[in-house]
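Asker: Here's my sequence, what's the structure:
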Amino acid sequence: MTIHHKLFWLTLFSIAMAHVEASLVVHLRSLYYPANPLEIFPLNLLSHRDLAIELTRELATVFMILSVAFLAEKGFTRVFAAFVYVFGLWDIFYYLWLKVMIGWPVDWLDWDVLFLVPWPWIGPWITPAMIALLFVVWGGWILLKNVTAKFNQLTASVFVTGCLLALGAFLLTVVHLLPQGEEAFRGYQPEHFSWFLFTSGYLLMVMSLWCVAKSTD
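Answerer: Below you'll find the model as predicted:
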């Protein structure tokens, strides 16, 4: 199979998987926010059963994407490129499908619950979409070049640091609620997002991936 055929099937898988994800979220919103599925804040809590299902589904999603990446490529950097390409495209089309299905997001800065492990990641939906776009562009570039790119100790360290900073921006939004327990999240309305932390992390990720891409020239 040529790299173009691989990229075609990875793209198709990402778009189809995003549709499945968006469909499930539409059902959950209809169940937990019947009055207005476009507004998920103030936050309603999932039942313990649904929360357990969501947690395992999120982990299963990551393993599915990782499995496809390992099937498509060999070598750490190319497997990683396939992983971030699929992950990024899946995330972008997830929001596109939601827009088609229910008209959400309404605004560029609409808040979203992004992930649930180890506690809810909360931030404007555009922030993970920005990371996803970076992943798609870089992952697609590395795959199409059909050469072996490598992270060195510096680029790997910068990338991981950037990821941790961006992750911190999502996790710190609600970290003050953790000591108060589960009920503190009921009716929660986010107000502040650490754009400085997110932007710092994002720029470090861009720098690292750009350096790795340049090393293939």
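Asker: From Ala81, how far out is the closest residue to Ile3 other than its chain neighbours?
Answerer: Sequence neighbours aside, Asn146 is the residue nearest to Ile3 in space, at 5.1 Å (criterion: Cβ to Cβ, 6 or more residues apart in numbering). For every residue, glycine as well, the C-beta is placed using N, CA and C. Relative to Ala81, Asn146 is positioned 11 Å away (criterion: Cβ to Cβ, to the nearest Å).
Asker: What of Leu197?
Answerer: Distance check for Leu197 against Ala81: by Cβ to Cβ, it reads 26 Å.
Asker: neighbour count winner among these two?
Answerer: Comparing Leu197 with Ala81 by other Cβ atoms under 10 Å, the one with more neighbours is Ala81, at 27 against 17.
Asker: For Arg57, the count of nearby residues, please.
Answerer: Arg57 has 12 nearby residues by other Cβ under 10 Å.
Asker: what kind of secondary structure is Trp9 in?
Answerer: Under DSSP: H, G, I helix; E, B strand; the rest coil, the three-state class of Trp9 is helix.
Asker: For it, give me the pLDDT.
Answerer: Per-residue pLDDT puts Trp9 at 96.
Asker: could you list every residue that touches it?
Answerer: Trp9 makes contact with Ala72 under the criterion Cβ atoms under 8 Å, 6 or more residues apart in numbering.
Asker: before we move on, the earlier item: tell me, how many residues neighbour the residue nearest to Ile3?
Answerer: 12.
Asker: Test my guess that it contacts His4.
Answerer: No - contact criterion Cβ atoms under 8 Å: Asn146 and His4 do not qualify, at 9.7 Å.
Asker: which SS state does Thr216 fall under?
Answerer: From three-state DSSP, the assignment for Thr216 is coil.
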